[in-house]
Every structure is written in C-alpha cells, then in structure tokens.
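Trainee: sequence isn't available, so here's the structure alone:
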C-alpha cells in the first residue's frame, strides 16, 4: 500500500473508483425498463406512417382497421388535435427564428418519410400492426426539399408556406475586421467540410406508457426519458391537465445520449390515446421506426478559412455553416442549438481574436434534427483542428508545436472567446503536455517514419477541444423555455439512521445514483452503503433540470453536497441538545456524531434518529428535530462551466482498400473535480466510441426523394467491439471555483473531439500521397476517392 | 395469422406449457408470456445481440426464433444463469470494472461471454473483441467489457474466483 492519502479519511468517497450499486440489478437481468413494464388493461399502439417525404393527405379510410380483431381505437390527427394544443420549437434569444406549429399527428400534409399519420390501438402490438396495414391513406405527393442548397433556392417549394421560406434561423457573429486580417495575412488555409447525419441508436428504443385516469384526474406516464420534469410540464400544458395531476416516471433507461429529451409526435399522441380510451397505452418504437422518427444529429456543411502569420500564429477565422434540421425545429429545445454551438465553439481553444461566422439553419423534408451527445462540438472541433493542422503543414511545424504556439495560455484566465463564451479556467497546455508523454508521441512518429519505408501507412491525429457543460438559466430560462437549470434534493434520515436522497438528476447508467451517494456520504459523514439514492419520478423527487448537457455532477452533485451540509447542521443541532454540547464542537463521521477536535465518538446517528422519531419527549423543550431537508441549487457564477481536453488518434490506413484500423486513442480531459474515476473514464471511452462511429461508420443516407435508404441496424453501421481500440484516459483537474464540489461535466468530452482527431490522423496517414479528406464518416470509398484511386 | 400453437419447453430448468399465436417469437414468449424481461429486443433482426439466449446450450437470437421452434428444447436466459450462479464471477467482474452503463445490452453480452468462457483456454483480447462483435453496446466503448471477460477467463484458468472487494483501481 502507498502512503495514506486524503482518500483514507473515513467517509472520503469523492475521488474514489467505487462501482455502481444499482448495476448489480441490471447484471442479474432485473433491470426494469419501460419496454418491460406491463400495466393492467394495457393496450398497444402501432402507427401508420407516410411513405412520402412530402405529400398532402387527401383522405384516410380506416374502417377496415376499426373492424379488425382486437382493435380498440383508430385515431387521426384531427382526433388528437381536439385534445392537444400545438407546440412550436422556438427560443426567444434566437432572434428571428421561426418554426411551424406541430401536432401529435398531422392533419393536412406529411413532411418527412416515416412520419406517423394514423394511430391504431389494439390489445397487442401484433394486432395493432395487423390492423395498421388495413388503413388506406390517399396522399398527393409534393416535391421533396432534401438538399440544403436546394432548400434555400428562391424557387424551391416552401415546406411551411406560412413561414415564407425554408430558412429557420440565420445567425451572424462578427468581431469587425476579419476581411482586413485575411487580406494582409501571410497565409490562409481553407476547406469545405461535410458532416453526415447520424443518430443515437440507443439500445432500448424510445418507449412510453401513458395511463390516464379520469376519476382523479391523473395522468401517469412511464417514459424512457432523461428529463421527466420537462415532460410533466409539457403534458400538463398541452393536454390541459393540472401539473400536480401529471406524474412522469423514468425508470431504467436503455441509453439516451440526448435523444430521449425531445418531444416526439408518437409519444405525445400516446397521452391523447390514453385520455380517449381511459386505459394505459404503450408505445415502443421498433428499430425501423427509431431510424425514421428519433432525432438525427449533425448534418452540417461548413466552409471555413483560417488566417495566420508567417510563423503560424493564428490570426482569424471565417466560417459559413449551413445545417438541415428537418421540417420543423424540435421541441422544446429547438434545432438551432446545435448550429449555435457550432459557430460559437469554433476556434475556442485558441488565442486569436478576429472571428466571423454565418449560420443558416434550413428546413428540409427529413426527420427532425436536434441535440445529441456533444451538441455541435464535433463539428466545431473538427473544422478548427483540421485547419490548424493545415497551417502546421504550410509552416512546416509539428502538430504539437502549432498548438503550443496558439492555445490560450493556462495562466490567461478568466478570458472571453471572440464568440462571447466566458472561460473561467482551462488547462490546454497542461493537457497537451500530458498527452504527448502518455502516447509517447516522439516514439510513434519515429515508428511511423520507419513503417512508411515498408509501405505501412499510419496516421497520428491530435485534437484539442472545449466542452460546454452545466448551463445556467442564461440559456433555456432566458430563452423562454421551461427547462430548469436548477436541481433539487430531499435528504431524509430514517429512524434506523439510514439516509434517503431523492434528487432531480436522473440515472441513465452513467452513475448518477453512485456519485450522489458518494457526495452525500462524504459531506454528511455516513457510510455510503447506508445511503439510498432515488431518481426519476416527478411525484417523489423535487423539480429540476435532470440530466442533459453534462450537468449531473456539476449541478446535481453540488445540490446534493449543499443538502448534505444542511442536514448535517440539523443533526448536529439535535445532537448538541442531547449531548448538552456546543454544536460547533461536533462533527459527523461514519454514522457517528464525533468530537470535532479529537474524533472521539459521542453518539450514533441511529440513536439521534431513534430519539428524534420515538422519544422526542426526552429532548429539551423547544427542540424540533428536522431530520429531513429539501434543498435547491442553481448555478450562479459563469453561464456555463467550460471544460477542455485533448484527444489523440493512432490508426493504420490500407491505402489500397481504404480500410482503417484504429490502433489506439488517448484522451486527457479536465472536467474539474473527478468524483469517481471509474465512471468518468468509462463515460469518456463510450463517448469516444460514439465519436468514432460518426467519424468512420454512421450516416443516415437519404435518396433524392427524401427516403432514408439505410434505416435498419443491418444497414446503418455502429461501432462493434472488434473495430474499436483500447482507449487510454488521463486527467488534469481544474475544479470550478463556482461551487464547493468543483466538478464540471464529462459526458460529452469523448464525443467532442474523437472525429477531429480521427480526421487529422487519416490526413496524416495520407500525407505522402497528397490526398486530403474533409468529410465524415470517412468511409473506405471516400478515402479511396481522396487518394485518387476512384 | 393468429393461429394458436402449443409450446412446451424447459425454461431455466422448469417445464412450461403455453398456447400462443404461431408467430410469437421466442423473445416475445420469454418477455411477455413468461415475464422474463432480462432478455431484451434491440433490433428484432438478429444484429444487435440484446436478445441472445441459450437454446439447448447454443447461443441463439431469440428475436429470430419462433417460440414454437423451441418446443421440446431447453432454453436458458440471464435469469437462469444468474439463479444457477454459473456466471456469478463474470457478473462480479462486470460490476467491479463498470462494464455496463445502461445495462440494456448486458444480458446479451453475458450470454456471449458465457459461451466464450465455456471454451478451453484464455482468449486473447482480440478474440474477445471478435466474439463480442455480434453484441452492440452504445454506452461503454467496449473496453471494460473486454477487461471483465479477460479477467474472468484468467481467474478461471488459475482456479480463482473474481475478487470480492468493492474498490478497484482507477
């Protein structure tokens, strides 16, 4: 054993690699996902979907379906519109943003291929699907708007004529003198980048059971979502049910990655169907439905250029991003957030001050595009880091040297990016130095040179990144969207001296319940195995933002910490009364009230609880023991807790076939205080693999008519174990001073820079041949094209 | 289409007999008829591996097998392997190494691992990764799963049980 560290104090859990208590249940096959839940008298819905990307609905004949065995209801858009008010996915601070109103099911027209049109509810899903085949919908096909340039053509059909054009939003950022800087710069690099649409592919598809009981009235929704409070609000407002009568329960969730926090038409319809039937109605998307109805992400074309002086010092960036988001903006978070983060994160790690960007967010006849893990980050990071490598090549500098010369110095904080982001404290140089050593960069370069002589072409790519975490109310709140940036926790001591923590951040498998348990154990002074953390039920937990934007540890964790301190104060005040002692001289440790100075045990927490709950008559008069506390915390300081890091990708390219073997990935990441290294590292690895999926495999491929041509798991490629490398993770810790806990976020860091490092590595491997690539996914065919072979 | 058939088979050691629609898949039969929801369906086309079960000792996709095809056979699910405690060390290794996040793919992973570890010898990491390539995981990045299977294989080869302590090295 090494010397005793701060982790060896009793109840010092923060920073420890402890496994997740709740994982044992999942390992035993005892998980309880929405997919698994059956309620008494539950019915199942299947949807009839549009085969066209854009068409008028002329008529619907559902008579045969209504008469089919087991069918209880066939509902159309008109039926549901009588119950549900429309929603519009806009946000106030995106000036000029527009989007058409949406309903659970369409009435007049369909706007993407796969859009649900008619709901068929039956005793089983199979019977519902049988009957759905009997529904006859007459469509009048309209020209589909698919391509982002075609969509902006003045002669293009306008998907929502009432909006006047297919432009959802246009944003501009300009620090002023960009043209002058480019005109006088010693060198300029430029490139056109393409980022394919891809999608989350959660292993558990979307799943929801709505159960409306008119007698109370009461709506209970079992919903595979990250954000139950947001949906409680939405169901309440759009169906006119008092908020206190709406309960949303998010049990075990089979993957989410941002995909399960958006409003989906089928899900909203399920609530209405349950209201119409007075019975529970279940909808589980099958995998084919997931591909045509889950949000897609990315889909950007970026033209960008970067100016530098003769020594490679970056002077300016000029960016034009066009992104296609489907036929309307997603609700309630909007589909502009990704583009907004793309054009604001460009160049974020670097010192240059001159920046100009134009963002155009375009409607098209495809399924909605919105936030998915690392919203916008991979796009901004890939563009920036590729251009930096191009400057390095032009100035004959090493990829580490160019970054050392241009990254914001670690002692230059706080500072503000040219796009307005305020950075509290980042550690680019420390991370860069660490990864260089971790990966043995010099050794890899020497090996690369040696192998090239043998016709083996390896590539090394580096990408630094900045990640947005822990959004404050300055984002959704100020934007007029009812999504909370605060979290709440209720902490209770049971009569036996156990602790229950009900908290608003949700467990998605990332380990929320574990880290909250660690934080409460440490700051209350009890053993971790006596703490039960409860999440995911709006009926029992306080209202909060839940889990998105890497906010669980930073905001939820701080909430738990402050709640624990508050409860500890209450316990010590009761203990002081019992012990006839000054509360300030007492502390808690391992479930005991101790003498703060000597550590001597005075009285057990369980004994305090016993007296408080059963023998309050023995307490001094006026002593009212408060062994439950409710506490809320919202971030106050910086609008976001930015994190940073660097990734490196090492791969081998077969220049004859275009096939790539990813040899290894390294990540050095600074998420502030690391609460549980085991969980943090595994989140980073998972994020890297999703990023590598986007880099090499994943793309939603559409035909000219707006049909998704690879919408199954046999056709859409996700990374498999054999294709993925081992991933080495290390940390630099720069705790945020905005909180006592000091944690920032980490869930998206892996995804943020993986494709950027991979693209730089492929271009590095191709460098002897003069070819370059600026499109993801980097498929073998695209690589061979870049090499000039096809 | 809704013709009923009698299905009699042994599931996790117990004889079960039900009359179900002929088109009922083994996955739906296990999950809906028997309420054995540890077996999951992720793609329903035999790609993702979440639905893997043992059919007469062989790993099969229960989403691609009709229940009636399993009539007369013995099926074992993650619940059965758990009750028999034959994967307790593997489950412990998964837990210690945090080889799962959302857990939806995990029963299928355990099936593949159980089958792989039934072969003689200690598989290499490459062989483990190859064996797992019919099992999709979107959360972990796979490395921890490979680690846990490798650890279990080594421990079994050395005649040791998986470590029982709670804390692991970062």
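Mentor: That came through fine. No experiment lies behind these values; they were computed from the predicted model shown.

Trainee: tell me, how many residues neighbour the closest residue to chain A within chain B?
Mentor: Across chain B, the shortest distance to chain A (Cβ to the nearest Cβ) belongs to residue B:38, at 2.3 Å. In short, each C-beta sits where N, CA and C put it, glycine included. By the criterion of other Cβ atoms under 10 Å in any protein chain shown, residue B:38 has 25 neighbours.

Trainee: contacting residues for residue A:293?
Mentor: A:114-116, A:206, A:264-266, A:285, A:367 (Cβ atoms under 8 Å, 6 or more residues apart in numbering or on different chains).

Trainee: can you redo those as TSV with neighbour count, distance to residue A:146 and pLDDT?
Mentor: Formatted as TSV, the contacts of residue A:293 follow (neighbours: other Cβ atoms under 10 Å in any protein chain shown; distance: Cβ to Cβ, whole Å; pLDDT from 0 to 100):
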residue	neighbour count	distance to residue A:146	pLDDT
A:114	22	14	98
A:115	26	15	98
A:116	24	20	98
A:206	26	25	98
A:264	23	22	98
A:265	23	21	98
A:266	23	23	98
A:285	22	23	98
A:367	28	12	98
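
Trainee: and the two most separated of those residues?
Mentor: Greatest spacing in the contacts of residue A:293, by Cβ to Cβ: A:115 and A:206 (14.9 Å).

Trainee: pretty sure residue B:71 sits against residue B:8.
Mentor: Yes - the pair formed by residue B:71 and residue B:8 meets the contact definition of Cβ atoms under 8 Å, at 5.7 Å.

Trainee: and the residue in the stretch 251-400 of chain A positioned nearest to chain B, what pLDDT?
Mentor: Closest to chain B within the stretch 251-400 of chain A is residue A:254: 3.3 Å, counting by Cβ to the nearest Cβ. In this model, residue A:254 is scored at 97, pLDDT.

Trainee: what ranges do the helices span in the stretch 301-450 of chain A?
Mentor: A:337-345, A:377-394, A:399-406, A:428-438, A:441-453 (DSSP state H, counting those that start in this stretch).

Trainee: quick one: the ones you listed as a markdown table, columns for distance to residue A:39 too.
Mentor: Listed next are the helices of the stretch 301-450 of chain A as a markdown table, based on distance: least, Cβ to Cβ, whole Å:
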| stretch | distance to residue A:39 |
| --- | --- |
| helix A:337-345 | 35 |
| helix A:377-394 | 40 |
| helix A:399-406 | 56 |
| helix A:428-438 | 50 |
| helix A:441-453 | 57 |
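
Trainee: can I get those in TSV including mean neighbour count and distance to residue A:532?
Mentor: Supplementary listing: these in TSV, determined by neighbours: other Cβ atoms under 10 Å in any protein chain shown; distance: least, Cβ to Cβ, whole Å:
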stretch	mean neighbour count	distance to residue A:532
helix A:337-345	25	35
helix A:377-394	26	35
helix A:399-406	19	46
helix A:428-438	20	37
helix A:441-453	13	46
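
Trainee: would you turn the ones you listed into CSV with distance to chain B?
Mentor: Formatted as CSV, those follow (distance: least, Cβ to the nearest Cβ, whole Å):
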stretch, distance to chain B
helix A:337-345, 20
helix A:377-394, 16
helix A:399-406, 24
helix A:428-438, 15
helix A:441-453, 20
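
Trainee: who wins for proximity to residue A:729 among those?
Mentor: helix A:428-438 (9.3 Å).

Trainee: so what touches the closest one?
Mentor: A:349, A:400, A:403-404, A:407-410, A:441, A:462, A:464, A:644-648, A:666-670, A:728, A:730, A:732.

Trainee: buried ones from those residues, can you make that a ChimeraX selection?
Mentor: In ChimeraX syntax, the buried subset of the contacts of helix A:428-438 is picked out as below (16 or more other Cβ atoms under 10 Å in any protein chain shown):
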select /A:349,400,403,407,408,410,441,462,464,644,645,646,647,648,666,667,668,669,670,728,730,732
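
Trainee: please flag which of the contacts of helix A:428-438 sit within strands.
Mentor: A:462, A:464, A:644-648, A:666-670, A:728, A:730 (DSSP state E).

Trainee: go through those residues and say which is closest to residue A:241.
Mentor: Minimum distance to residue A:241 across those is 43.1 Å, recorded for residue A:669 (Cβ to Cβ).

Trainee: how close does the closest one get to chain B?
Mentor: 13 Å (Cβ to the nearest Cβ, to the nearest Å).

Trainee: check contacts around that residue.
Mentor: By Cβ under 8 Å, 6+ apart, the neighbours of residue A:669 are A:431, A:643-645, A:684, A:729-732, A:746, A:749.

Trainee: now it. Nearest residue, chain neighbours left out?
Mentor: Spatial nearest neighbour of residue A:669, excluding adjacent residues (Cβ to Cβ, 6 or more residues apart in numbering or on different chains): residue A:645 at 3.7 Å.

Trainee: and that neighbour, what are its bridge partners?
Mentor: residue A:465, residue A:669 (DSSP bridges).

Trainee: can I assume it is in contact with residue A:465?
Mentor: Yes - contact status for residue A:645 versus residue A:465: in contact at 6.0 Å, counting by Cβ under 8 Å.

Trainee: list residues touching both of these two?
Mentor: Shared contacts of residue A:645 and residue A:465, defined by Cβ under 8 Å, 6+ apart, comprise A:749, A:752-753.

Trainee: looking at those, spot the one nearest chain B.
Mentor: residue A:749 (12.6 Å).

Trainee: from residue A:339, how far out is the closest one?
Mentor: 21 Å (Cβ to Cβ, to the nearest Å).

Trainee: low-confidence ranges in chain A?
Mentor: For chain A, residues meeting the criterion pLDDT under 70 lie at A:1-8.

Trainee: surely residue A:471 meets residue A:638?
Mentor: No - contact criterion Cβ under 8 Å: residue A:471 and residue A:638 do not qualify, at 10.4 Å.

Trainee: neighbour count for the two, which is higher?
Mentor: Each of residue A:471 and residue A:638 has its neighbours counted (other Cβ under 10 Å); residue A:471 has more, 23 against 19.

Trainee: OK, contacts around that one?
Mentor: Counted by Cβ under 8 Å, 6+ apart, residue A:471 has contacts A:485, A:549, A:551, A:635, A:639-640.

Trainee: run the last query once more with 10 Å
Mentor: A:477, A:483, A:485, A:545, A:548-551, A:554-555, A:635, A:639-641, A:745 (Cβ atoms under 10 Å, 6 or more residues apart in numbering or on different chains).

Trainee: out of those residues, flag the one nearest to chain B.
Mentor: For those, the nearest to chain B is residue A:550 (14.7 Å; Cβ to the nearest Cβ).
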